[in-house]
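J.: dropping the sequence and predicted coords here.
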Amino acid sequence: MMTRKKQTIIALAGNPNSGKTTLFNALTGARQSVGNWPGVTVEKKEGTVKNAGHLVIQDLPGIYSMSPYSLEEVVSRDYLVHERPDVIINIVDASNLERNLYLTTQLFELDIPVVVALNMMDIVEDKIDIEKLSRELGVPVVAVSALKKTGIKALLDAVEHAFGHAPAGLRFSSNLEDAIKNVETRLPVTPCPRWMAIKLLENDERVWHSLALSASAQKAVRTTIERLEEEEDDDMESVITNARYEQITTIAQATVQKKRKRHALSPSDRIDQIVTNRFLALPIFLLIMYGVYTIAMGATPFSIGTIGTDWANDVLFGEWIPNAVDSLASVLHLHPVLTSLIQDGIVAGVGATLGFVPQILVLFVFLSILEDCGYMARVAFIMDRLFRKFGLSGKSFIPLLVATGCGVPGIMASRTIEQDRDRKMTIMTTGFIPCGAKMPIIGLFAGAVFGNSSLVATSAFAIGIGAVVVSGIMLKKFKAFAGEPAPFVMELPAYHWPGVGNVLRSTWERGWSFIRRAGTLILLSSIVLWFLQSFGFVDGALTLVANNNQSLLASLGRAVAWIFIPLGWAGDMAWKATVATFTGLIAKEEVVNTFGVLYNHTGQLSENGDAIWTLVAADFSAVSAYSFMVFNLLCAPCFAAMGAIKREMNNPKWTWMTIGYMCAFAYVCALIVYQLGGLFTGEVAFNGFTVVAIALLLGILYLLFRKGYTPDSEVVDSDWDLEGARS
């Protein structure tokens with residue numbers, strides 16, 4: 001056995017949806033650190049194995065092969081080829097063995113020890129001879145269930161024994177092997193000559209550019225490629241691909257005994273006949289989301305999220321904490337100004353935000369269940385069918401799905417999209433999806449103005465999807481985004497019961513991010529907001545004001561509130577809504593936090609936690625409330641998400657175009673909602689802004705249905721590569 005380093009680096013490599021992340025959590029106990037890969041902004045996860053701190057796990061982005069198309073796949077390949085971990089754990093979906101083994105055959109060529117983790121064995125109906133499969137592949141094969149955490153110890157034992165023993169790999173036909181050896185002799189010194197030789201034969205441009213081959217060596221390799229292509233009557237990439245699948249088929253036939261009849265449907269297939277049906281899929285998805293929002297934010301006896309939020313607002317932040325603060329202030333004889341800061345600023349502001357935590361946690365629980373059981377993968381498939389009709393790629397839905405938790409990783413997830421134009425368009429529209437930070441806005445107005453209507457809450461999600469679709473159709477008509485969408489290939493995992501640990505972990509990660517910001521950023525901003533709304537200039541002197549309409553905050557708000565008058569933000573609430581909108585750029589939770597501070601200036605909330613709802617309902621009509629909600633759901637995201645946009649676009653012009661487009665689109669939508677909705681309800685009289693709203697609506701319809709730019713050929717943008725994507 002070789003002398004070991006202080007730490008052993010283990011890379012997790014596998015196809016998307018093979019259970020890689022679940023296995024990572026099972027190995028590390030979710031003790032992970034999250035960062036960016038050097039030079040790029042693709043997120044990486046690193047953790048140490050439980051009770052074995054010398055084993056460091058690197059969780060690589062999912063890849064289908066070592067021939068990358070998206071930037072995430074490039075990152076995974078470059079890490080394996082250049083960083084060279086000590087051992088690779090190749091996660092293979094046992095229910096889709098032949099498809100997953102394609103990557104396995106390529107990993108063998110890297111001259112790195114490989115252990116195959118045969119995952120999802122708990123749902124496999126076929127009988128797989130593990131020992132024979134191990135002999136055929138020439139590497140350790142361990143049956144595991146990452147979801148049920150079985151086989152983990154055996155996997156780690158196999159990793160320990162595999163250290164320092166690279167696999168011999170599989171061999172092709174003699175003709176192809178001779179060609180590979182011929183190319184190997186012409187390579188400079190490299191840690192994985194066989195893999196490099198095969199990639200040269202496949203005409204992999206990245207490998208060709210990375211190797212400084214002499215002119216004679218290049219000519220010899222080209223000659224070898226031409227000879228083989230003539231003999232095989234096919235291009236070399238197809239020749240090698242076919243050779244791999246011939247090996248894989250032979251191995252599968254020798255090791256897998258099919259249990260189900262050839263044409264029999266699995267339980268997952270039978271479910272998919274309904275939930276992915278061409279006509280039923282979308283209504284079923286909308287019905288499921290309506291049910292989720294009803295349980296999380298509705299007004300029925302089953303709306304456990306609303307019950308929890310009512311208790312948090314009415315009891316916890318409405319009675320217990322305010323009464324405790326009053327008692328403490330009395331005992332300590334605190335100055336009235338300091339008491340006001342604590343009561344009217346911190347408790348009211350932070351409490352108004354944290355009061356929605358029960359609804360948010362319930363929502364996250366159900367979203368995590370849908371993800372973990374395999375349904376959300378089907379939603380991506382369903383949305384691909386819908387998006388493709390409008391010229392969008394189904395891959396765009398993956399970032400949108402991630403953005404339901406937080407917009408920042410959602411924007412970063414656009415890295416999975418190969419084509420630059422589709423990637424940019426996805427970045428421009430991902431912020432439209434209601435993230436966890438926007439949920440308090442939805443909860444506040446759905447509860448205060450619309451009687452805890454789950455339909456209003458669901459419509460917020462539908463507005464986000466609609467904004468993405470409408471924007472996609474319009475943007476695709478312009479030259480910068482024109483062209484066929486990238487193909488969307490995705491493995492659909494078999495349905496399974498969601499793991500309790502996975503659901504709770506996912507919910508905790510999302511929920512804790514929200515709570516942590518409430519305890520830091522929102523706490524600090526509450527103090528600043530309290531000062532600005534408590535003090536003002538009276539007779540030229542800065543003093544404590546009794547009426548917050550005389551405050552510094554009111555003066556600042558009124559200076560720009562005129563911009564939003566066409567949206568229905570008028571009267572005394574205009575400057576409050578304006579201030580809340582601008583503070584929402586810091587973090588979307590700030591919108592509700594700001595209302596909590598502003599409406600608590602006279603101490604009304606200290607008696608009853610839901611008084612803010614009463615005061616908001618008094619200031620906003622149904623139409624103006626919906627207009628406010630639409631604008632704040634669709635306008636520019638928080639500063640953190642703007643930073644992600646800047647990093648991913650890596651271009652100031654595109655960054656400002658994205659932020660400007662989101663703000664303009666949000667303003668137009670909110671204007672149409674208020675002016676035309678108010679006209680319909682009788683709240684708005686026909687005026688000049690109504691004419692503008694009608695003109696803008698017609699303009700959107702024109703952009704939707706007009707004939708767009710048609711490129712003569714598909715040109716791949718050359719300004720987006722690993723160098724261009726550097727942070």
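T.: Here it is on my side, so go on. Residues are numbered from 1 along each chain as shown.
J.: drop to CA atoms for contacts and neighbour counts, all remaining ones
T.: Will do.
J.: what's the neighbour count on the residue nearest to Asp619 when sequence neighbours are not counted?
T.: Excluding its sequence neighbours, the residue lying closest to Asp619 (Cα to Cα, 6 or more residues apart in numbering) is Met573, at 5.9 Å. Applying other Cα atoms under 10 Å, we find 17 other residues in the vicinity of Met573.
J.: how near is Met573 to Asp78?
T.: To Asp78, Met573 is 55 Å away according to Cα to Cα, to the nearest Å.
J.: before we move on, what about Met66?
T.: Separation of Met66 from Asp78 (Cα to Cα) stands at 9 Å.
J.: so for these two, which residue has more residues nearby?
T.: More crowded of Met66 and Asp78, by other Cα under 10 Å: Met66, with 21 against 14.
J.: do you know the pLDDT at that one?
T.: Per-residue pLDDT puts Met66 at 86.
J.: and stretch 165-177, how far from the chain's centre?
T.: With Cα atoms, centre = their mean, to the nearest Å as the basis, stretch 165-177 stands 39 Å off its chain's centre.
J.: so what touches that stretch?
T.: Stretch 165-177 is contacted by residues 105, 108-109, 111-114, 137-139, 228, 243-244, 247 when judged by Cα atoms under 8 Å, 6 or more residues apart in numbering.
J.: quote the end-to-end distance of that stretch.
T.: Terminal residues of stretch 165-177 are spaced 22 Å apart (Cα to Cα).
J.: quick check: mean pLDDT of it?
T.: 87.
J.: buried sites along that stretch?
T.: Across stretch 165-177, burial judged by 16 or more other Cα atoms under 10 Å covers 165-167, 169, 176.
J.: can you put those residues in JSON lines and add distance to Ile612?
T.: Below are the buried residues of stretch 165-177 laid out as JSON lines (distance: Cα to Cα, whole Å):
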{"residue": "His165", "distance to Ile612": "66"}
{"residue": "Ala166", "distance to Ile612": "65"}
{"residue": "Pro167", "distance to Ile612": "66"}
{"residue": "Gly169", "distance to Ile612": "67"}
{"residue": "Leu176", "distance to Ile612": "75"}
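J.: what's the local residue count around Ala462?
T.: Counted with other Cα under 10 Å, residues neighbouring Ala462 total 16.
J.: what's the helix or strand containing it packed up against?
T.: Taking DSSP states H and E as the criterion, Ala462 maps to helix 454-476. On a contact count with 3 or more Cα pairs under 8 Å, 6 or more residues apart in numbering; DSSP states H and E, helix 454-476 meets helix 281-297, helix 420-430, helix 439-448, helix 622-634, helix 688-705.
J.: ok, back up a step: give me the subset of the contacts of stretch 165-177 lying in helices.
T.: The members of the contacts of stretch 165-177 that map onto helices under DSSP state H are 105, 137, 228, 243-244, 247.
J.: centroid residue for this structure?
T.: Nearest to the mean C-alpha position of the chain, counting by Cα atoms, centre = their mean, stands Val402 at 2.1 Å.
J.: show me the contacts for the residue nearest to it when sequence neighbours are not counted.
T.: Nearest residue to Val402, sequence neighbours excluded (Cα to Cα, 6+ apart): Gly410, at 4.7 Å. Neighbouring residues of Gly410 by Cα under 8 Å, 6+ apart: 398-404, 430.
J.: cool, Phe432 as well?
T.: The contact partners of Phe432, by Cα under 8 Å, 6+ apart, come to 464-465, 467-468, 633-635, 662.
J.: just the pLDDT for the residue lying farthest from the centre of the chain.
T.: Within the chain, Asp539 marks the point farthest from the mean C-alpha position, 52.1 Å out by Cα atoms, centre = their mean. Looking at Asp539, its pLDDT reads 80.
J.: pLDDT below threshold where in the stretch 301-450 of the chain?
T.: Across the stretch 301-450 of the chain, the ranges flagged by pLDDT under 70 are 390-392, 416.
J.: repeat for the stretch 451-600 of the chain
T.: The model of the stretch 451-600 of the chain has pLDDT under 70 over residues 486-491, 518, 600.
J.: residue contacts, the nearest residue to Thr300 once chain neighbours are set aside?
T.: Distances taken as Cα to Cα, 6+ apart place Thr294 nearest to Thr300, at 7.5 Å, with adjacent residues excluded. Counting by Cα under 8 Å, 6+ apart, Thr294 touches 300, 302-303, 453-455.
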